[in-house]
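>>> Below are the sequence and a predicted model; questions follow.
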Amino acid sequence: MRDISPRHSGTAVPPAAQLTSWGVLVAISLCHMVNDVMQSMLAAIYPLLQVEFSLSYTQIGIMTFAFQVTASLLQPLIGMATDRHPQPRSLPFGMMSTLTGVVLLAFAQRYEMLLAGAMLIGIGSAVFHPESSRVARLASGGRFGTAQSLFQLGGNGGQAMGPLLAAFIVVPLGRPAVAWFAVAAALGAAILWQVGSWAEERRRASAATADRSLRLPRKVVIRAIAVLAVLVFTKNIYSASMTSYFTFFTIDKFGLSTQGAQIMLFLFLAGMAGGVMLGGVIGDRVGPLTVIWVSILGVLPLTLALPHVGLVPTGILAVLIGLILASAFPAIVVFAQELVPGRTGMIAGLFFGFSFGMGGIAAAALGVLADARGLGTVFLICSVLPVLGLLTVLLPRGSARRR
């Protein structure tokens, strides 16, 4: 039996979109990088904020919750709304919300202002992801996995850069230096205005062509989307534990400095950046289901080993876990888009938003657990999360097609 994937589903590519628009894909990927640099910056400066504002792990978890749940609540709603009425020209306004949040983080005087800044960054993410994911698919020329990978590569690259920028700019110069990154957000907004104009023209040119992607029975689709949501949810819990607490874990276990701990976080995020690119490209060749299975079976022994090894093996495992874990992200998104054709915004909202936000709730809960039992317990619990990936066996394969 064949898995359902773009190369097997019989998807008809609109004539107006047969050529891959690499310039647009690169532009939207760069803007994704800017967007996620700001998000990653938030987590990367947690040690700085903890000292300056005397924050507990619970308060840090609540900040992650404020950012991720704001994005989570809005992204599915925005995605469903833009499926009915696409708004590619809304993209720069999302970036401006992120810009405002970054400025608040730079000059906040109270914890409540930090929460407001985190929420504004979340709103910016909610506006950006559904419509930009649609633009990436529109510009793909039928290379859906590759386009999704390039789009997500920008985001993962931005997440990887955040800790380095924090380590070598914000830590030496102080928290107000965060405001300099607002310049990048302003440039991103200008680029997104141009991308939005292109997407509006392309959308109108291809609007008359019906999407003939694979159709499956409603019950099969609902079950598959639920399984994919669980997969993304568990991966986001693990990612949230790493981005929020891995720096503290390495400081506590190995006595690293703040800069050294941020470099360790960079290793994990850099691995994710590489994995997200490989996942989509390989998925276009072998099918997304195969990539999902390899990611699940490959990452579990590594996550189980991470809490028990020394400093150098921890760095190596951080890279490998990020690489293998992230390879499934573009494959999952493309798989879901094939299940519900024409609902690109809803899928982006669900998988970039809702599941990501559920990871934020988990981050807050893990913060409470870390205060009560220590960070070692948190990472022991998270190490077994990839076991839930075995639910992939419930995903449909080619024989489930509805004629």
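That came through, no problem. Note that the structure is predicted; figures quoted are calculated from it, not measured.
>>> longest helix anywhere in this protein?
Ranked by residue count and defined by DSSP state H, the top helix of the chain is helix 218-254.
>>> Now do the buried residues in the following helix or strand past that helix.
Counting by DSSP states H and E, the next helix or strand C-terminal to helix 218-254 is helix 258-286. By 16 or more other C-beta atoms under 10 Å, the buried positions in helix 258-286 come out as 258-259, 261-284. Yep, even glycine has a C-beta here, placed from its N, CA and C like the rest.
>>> swap in stretch 331-344?
Buried, per 16+ other C-beta under 10 Å, within stretch 331-344: 331-341, 343-344.
>>> Could you do stretch 232-252 as well?
232-251.
>>> Keeping just the C-alphas, turn it into PDB.
Once non-C-alpha atoms are left out, stretch 232-252 reads as follows in PDB (Å, rounded to 0.1, in the frame of the first residue of the first chain):
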ATOM      1  CA  VAL A 232       2.800  17.800  16.700                       C
ATOM      2  CA  PHE A 233       1.600  18.400  20.200                       C
ATOM      3  CA  THR A 234       4.100  15.900  21.700                       C
ATOM      4  CA  LYS A 235       6.900  17.300  19.600                       C
ATOM      5  CA  ASN A 236       6.000  20.900  20.600                       C
ATOM      6  CA  ILE A 237       6.000  19.900  24.300                       C
ATOM      7  CA  TYR A 238       9.600  18.500  23.900                       C
ATOM      8  CA  SER A 239      10.600  21.600  21.900                       C
ATOM      9  CA  ALA A 240       9.100  23.900  24.500                       C
ATOM     10  CA  SER A 241      10.900  22.100  27.300                       C
ATOM     11  CA  MET A 242      14.200  22.500  25.400                       C
ATOM     12  CA  THR A 243      13.700  26.200  24.500                       C
ATOM     13  CA  SER A 244      12.400  27.200  27.900                       C
ATOM     14  CA  TYR A 245      14.600  25.100  30.300                       C
ATOM     15  CA  PHE A 246      17.500  23.500  28.400                       C
ATOM     16  CA  THR A 247      19.800  26.500  29.300                       C
ATOM     17  CA  PHE A 248      18.900  26.200  33.000                       C
ATOM     18  CA  PHE A 249      19.400  22.400  32.800                       C
ATOM     19  CA  THR A 250      22.900  22.700  31.400                       C
ATOM     20  CA  ILE A 251      23.800  25.500  33.800                       C
ATOM     21  CA  ASP A 252      22.500  23.400  36.800                       C
END
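>>> Now that stretch: average pLDDT?
Here stretch 232-252 scores 86 as its mean pLDDT.
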